[in-house]
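[1] coords please:
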Amino acid sequence: MRNEAAVKSRKATKKADREADPTTGRRPFSRAQLLALLVGALQLVLASVPFLPLADSGTHALYVATGLAGVMLAWDHRHARLYGVALVLLYGQLFIADAEDTGTLGLPTWETLAYGRAALAGVVIALIPAFKRE
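    All right, here's what the predicted structure looks like:
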């Protein structure tokens, strides 16, 4: 009987940790939110630093736009999930279209790999569990 009460108390405490803080009214960041923030920041860094040779200014603008969207949408869990779905749809389509036009020797180009990375990050953001299971 005493163990059951202790288990219920621990579950209630963990549930309260996931709910809004009574003093600030904010919830802690979920995994999807943290990943959306990181991916958005990475998109901005890749657009700012000439790490990969971007083909044209359209690709550069796309990286900036998706980076800013990731940083802005990371502040709400539902919006972070939608950002992940948007990455999958947008960069997945670009990856498929660009994979058909392979580079020399049939190897993918740097842009194709970057599109695949962003699409894969979107899948992870959209499907990762929000919090650790008990």
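
[2] Can you tell me the SS state at F29?
    coil (DSSP: H, G, I helix; E, B strand; the rest coil).

[3] Pull the contacting residues for it.
    L37, A74 (Cβ atoms under 8 Å, 6 or more residues apart in numbering). C-betas here are computed from N, CA, C, even on glycine.

[4] Give me the distance between V64 and A47.
    For V64, the distance to A47 (Cβ to Cβ, to the nearest Å) stands at 5 Å.

[5] neighbour-wise, which of these two wins?
    A47 (21 against 15; other Cβ atoms under 10 Å).

[6] pretty sure that one contacts G67?
    Yes. A47 is within contact range of G67, at 6.1 Å (criterion: Cβ atoms under 8 Å).

[7] Please, where are all the helices along the protein?
    2-18, 31-48, 57-73, 77-100, 110-127 (DSSP state H).

[8] so can I have TSV of those helices showing mean pLDDT?
    Below are those laid out as TSV (pLDDT from 0 to 100):
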stretch	mean pLDDT
helix 2-18	54
helix 31-48	92
helix 57-73	90
helix 77-100	92
helix 110-127	91
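
[9] quick one, what contacts the most centrally placed residue in the chain?
    Nearest to the mean C-alpha position of the chain, by Cα atoms, centre = their mean, lies A36 at 3.3 Å. Residues in contact with A36 (Cβ under 8 Å, 6+ apart) are G70, L73, A74, H79, A80, Y83, G84, I125.

[10] Out of the residues you listed, which is nearest to A114?
    G70 (14.7 Å; Cβ to Cβ).

[11] Now do the contacts for L34.
    A74.

[12] Please report how far it lies from L113.
    For L34 relative to L113 (Cβ to Cβ), the value is 24 Å.

[13] and what of A126?
    Counting by Cβ to Cβ, the gap from A126 to L113 is 20 Å.

[14] And for A61?
    19 Å.

[15] When these two are compared, which one has more neighbours?
    Set A61 next to L113 and count neighbours by other Cβ under 10 Å: L113 wins out with 15 against 12.
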